[in-house]
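Participant: model this:
(one chain, ligands or ions: 2)
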Amino acid sequence: VRTVGSPLGGGPPKVIAHRGSSHIEPEHTLGAYLRAIDEGADGVECDVRLTADRHLVCVHDRRVNRTSTGRGVVSALELADLEGLDWGSWKLAHADDHEVPDRFNANILTLRQLIRTIVEADRKLDLVIETKHPTRWAGEVERRLVGLLAEFDLLRPTSGRPTVRLMSFSSLAVQRMAKLAPHLQRVQLIEVGTSPFFRDGLPANVAICGPRVGILRRNPEFVARQHHHGHQVHVWTVDTEEDIELCLRLGVDALITNRPALVRAAVDAA
Ligand code: G3P
Ligand code: CA
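Facilitator: Numbers count the residues shown, from 1 in each chain. Ligands and ions are numbered 1, 2, ... in the order given. Next up is the predicted model:
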């Protein structure tokens, strides 16, 4: 594989662990993030939702049912309810081609705990935070998120400290975050090739687009087009040899993956 390399960033593409090293570990658990750091990820991605008592927690789905021992909607439950659940054992049923660590009793991970882990890591990491449910409580997720980042003094890029990127599929959420945290990088996620952002390009105040890797399979020219407009391309979810090779050939700026060890090795070998 030859790494074309983005004309924007210069260096090799970043390896970002999607929900942690989540192919092996239960997603969004502390164990998943610690493994990702051990495996050499340049950064980590997480999804955030608000609980009923307004805590930001790292959970992908609207409901807790798939990834915990509980039932119900995250935003209707309190943090104490989520703390009473096991967020690890569900993964044991998903062991296919690999051994799943015995992670019973994994705890809910709050965004505060994840930020602290990234801030205290022994090397500089990227922290990529995706907000979910943008319309509920009219911007409360984004306000709480920016407030929390302010507590850790992360609202401006500072040398030696984590680089924070904020992202969403919702342009409403991205624009809210642009107002609240103007100095942080923003990523507009793109799900399908018919998205208006695919057709018309990104808003002027957004410098990074985040396409699903399938968009690149069907439209390989997409990356060069974005670079031509001065935009970076951060692709998800890149887990197979074929997709890794495609991304490296096209010169994307970041590969967001459930398998950071695999992608790290491919990027280093390219
Ligand atoms: O990194 C972007 C990606 O996480 C978006 O999709 O559904 O996994 O949050 P999803
Ligand atoms: Ca996500």
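Participant: got a list of contacts for stretch 133-153?
Facilitator: For stretch 133-153, the surrounding residues in contact (C-beta atoms under 8 Å, 6 or more residues apart in numbering) are 48-50, 54, 56, 62, 75, 111-112, 115-116, 119, 129, 131-132, 155, 161, 164, 166, 168, 170, 172-173, 176-177, 180-181, 184. Backbone N, C-alpha and C define where each C-beta goes, glycine included.
Participant: for that stretch, what is the average pLDDT?
Facilitator: What stretch 133-153 shows for mean pLDDT is 90.
Participant: ditto for stretch 104-113
Facilitator: Here the average pLDDT along stretch 104-113 is 93.
Participant: residues contacting that stretch, please?
Facilitator: Contacts of stretch 104-113 (C-beta under 8 Å, 6+ apart): 26, 28-31, 33, 46, 48, 55-59, 68, 79, 82-83, 85-89, 129, 145, 148.
Participant: hmm, 7 Å instead?
Facilitator: Under the contact criterion C-beta atoms under 7 Å, 6 or more residues apart in numbering, stretch 104-113 has outside partners 26, 28-31, 48, 55-58, 82-83, 85-89, 148.
Participant: just the buried residues of those residues.
Facilitator: Using 16 or more other C-beta atoms under 10 Å as the burial test, the contacts of stretch 104-113 include 26, 28-31, 48, 55-58, 82, 85-89, 148 as buried.
Participant: my read: residue 233 touches residue 251, true?
Facilitator: No. Taking C-beta atoms under 7 Å as the definition, residue 233 is not a contact partner of residue 251, at 8.4 Å.
Participant: which one of those two has more residues nearby?
Facilitator: Higher neighbour count among residue 233 and residue 251: residue 233, with 27 against 19, using other C-beta atoms under 10 Å.
Participant: which strand or helix spans the more buried one?
Facilitator: strand 232-236 (DSSP states H and E).
Participant: same check, this time on residue 159
Facilitator: Short version: residue 159 belongs to no helix or strand, going by DSSP H and E.
Participant: residues near it, how many?
Facilitator: By other C-beta under 10 Å, neighbour count at residue 159 equals 6.
Participant: please report how far it lies from residue 187.
Facilitator: Residue 159 is 22 Å from residue 187, where distance means C-beta to C-beta, to the nearest Å.
Participant: equivalent analysis for residue 73, please.
Facilitator: 26 Å.
Participant: ditto for residue 146
Facilitator: 16 Å.
Participant: what about the strands in the stretch 51-200 of the chain?
Facilitator: Chain-ordered strands for the stretch 51-200 of the chain, with DSSP state E, counting those that start in this stretch as the definition, fall at 56-58, 126-131, 163-168, 185-190.
Participant: picking up where we left off before, so which of residue 73 and residue 187 has more stuff around it?
Facilitator: residue 187 (27 against 14).
Participant: tally up the residues packed near the closest residue to that one other than its chain neighbours, please.
Facilitator: Closest residue to residue 187 apart from its sequence neighbours, by C-beta to C-beta, 6 or more residues apart in numbering: residue 167 at 3.4 Å. Residue 167 has 26 neighbours, counted by other C-beta under 10 Å.
Participant: go on, residue 136?
Facilitator: Residue 136, neighbours per other C-beta under 10 Å, totals 13.
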